[in-house]
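Visitor: The following comprises the amino acid sequence and a computationally predicted model.
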Amino acid sequence: MLMYMGSGAALAAYRRDRRNQMLADCARACANAARACLEPPDTDGPEWSGRETLHRLAVDCEKLCSLTAALDTRQSELAAYAMTACAEACAACAAGCEQAGSQTLLDECRLKCHECEQTCRATAGLLTHHVDVAD
């Protein structure tokens with residue numbers, strides 16, 4: 001097990017960097033899955049139903065992962081809300097991949113989405129606070 005030794009601020013930055021790498025990896029896997037949904041069905045392989053739905057879910061998840069990473073990187077007050085939305089998008093995308101069956105790209109997307117969902121839910125709980133907007 002890797003142990004981190006450093007200050008509180010350095011530890012927070014390290015965790016944020018790891019979280020943002022995970023968000024980027026999930027966004028990349030979702031983009032690949034979305035592209036796979038647009039490919040013509042393989043004449044030798046099985047056709048899966050729900051291609052259009054999975055395509056939309058994967059694109060939404062990709063976009064929310066990217067937005068969440070951007071907000072988290074700059075420590076936006078809205079990052080907690082993005083984390084919650086991202087977790088929901090990841091859960092929906094993972095479920096769509098599971099329903100589509102076993103295909104390498106979809107399996108990777110499903111795994112990345114499950115990991116990202118768990119991290120985003122945990123992080124949203126840590127970041128939740130009221131955002132005050134000055135007049």
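Guide: Received it, and whenever you're ready, just let me know what you need.
Visitor: buried sites along the longest helix that the chain contains?
Guide: For the chain, the longest helix by residue count, based on DSSP state H, is helix 8-38. Buried residues in helix 8-38, counted by 16 or more other Cβ atoms under 10 Å: 16, 19-20, 22-23, 26-34, 36-37. Yep, even glycine has a C-beta here, placed from its N, CA and C like the rest.
Visitor: same question, stretch 96-110
Guide: 96-97, 100, 103, 105-110.
Visitor: who's in contact with the one helix or strand residue 113 maps to?
Guide: Residue 113 is part of helix 104-127 when elements are defined by DSSP states H and E. Residues outside helix 104-127 that contact it (Cβ atoms under 8 Å, 6 or more residues apart in numbering) are 19, 22-23, 25-26, 29-30, 32-33, 36, 54, 58, 61, 65, 68, 72, 79-81, 83-84, 86-87, 90-91, 93-94, 97-98, 100.
Visitor: burial count for residue 86?
Guide: Using other Cβ atoms under 10 Å, residue 86 is surrounded by 33 other residues.
Visitor: pLDDT score for it?
Guide: Listed pLDDT for residue 86 reads 97.
Visitor: any idea how far residue 10 is from it?
Guide: Distance, residue 86 to residue 10, using Cβ to Cβ, to the nearest Å: 25 Å.
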